[in-house]
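[1] Can you look at this prediction? I've put the sequence above it.
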Amino acid sequence: MKMGHGCANTIDRHANPFWPQLANDGITATIIADGAHLNEEEVQCYYKIKGVDRTILVSDALELAGLPPGEYIRSERKVLLTPDVVKFPEENCLAGAATPISTCVTNMMKFTHCSLENAVQKKVS
């Protein structure tokens, strides 16, 4: 379950999907530690609550990642590429990541103080 992804820009602080997902030990959290999808404190909380065995670092970096910042057309929609994320400018919401997974690994280690091994461990079901 990608924690926090696809949520409205404004959500209720009590009645929202985060609390049940965090409280459910049967859910493994997949997080994007780019600092934009989730900030440092959110990554820390998810990692502390879910632990190393129920946290998976992922990326949704788009094919635009690595290109110069600016406006692009993707799937017939205008998107704004910033150094950190891709946004739908009219809705002012995320459309995807622009940060490489290697930066997310570095952030994960910095934000949580976990080891490289724990940041990239292979999950086996």
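    Nice, thanks for sending it over. Numbering: from 1, shown residues only.
[2] Sketch out the low-pLDDT regions of the chain for me.
    1-10, 122-125 (pLDDT under 70).
[3] quick one: the strands in it?
    29-31, 55-57, 70-74, 77-81, 85-88, 93-97 (DSSP state E).
[4] Tell me how this structure divides into domains.
    1-59+101-119, 61-98 (automatic domain parsing).
[5] Including mean neighbour count, could those go into a markdown table?
    Every residue, glycine included, has its C-beta placed from N, CA and C. Shown next, in a markdown table, are those (neighbours: other CB atoms under 10 Å):
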| stretch | mean neighbour count |
| --- | --- |
| domain 1-59+101-119 | 16 |
| domain 61-98 | 15 |
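[6] Make TSV from the strands of the chain and add distance to Glu63 to it.
    Converted to TSV, the strands of the chain look like this (distance: least, CB to CB, whole Å):
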stretch	distance to Glu63
strand 29-31	20
strand 55-57	20
strand 70-74	8
strand 77-81	11
strand 85-88	10
strand 93-97	9
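[7] Specify the stretch among those that is closest to Val120.
    In terms of CB to CB, the element of the strands of the chain nearest to Val120 is strand 55-57, at 7.0 Å.
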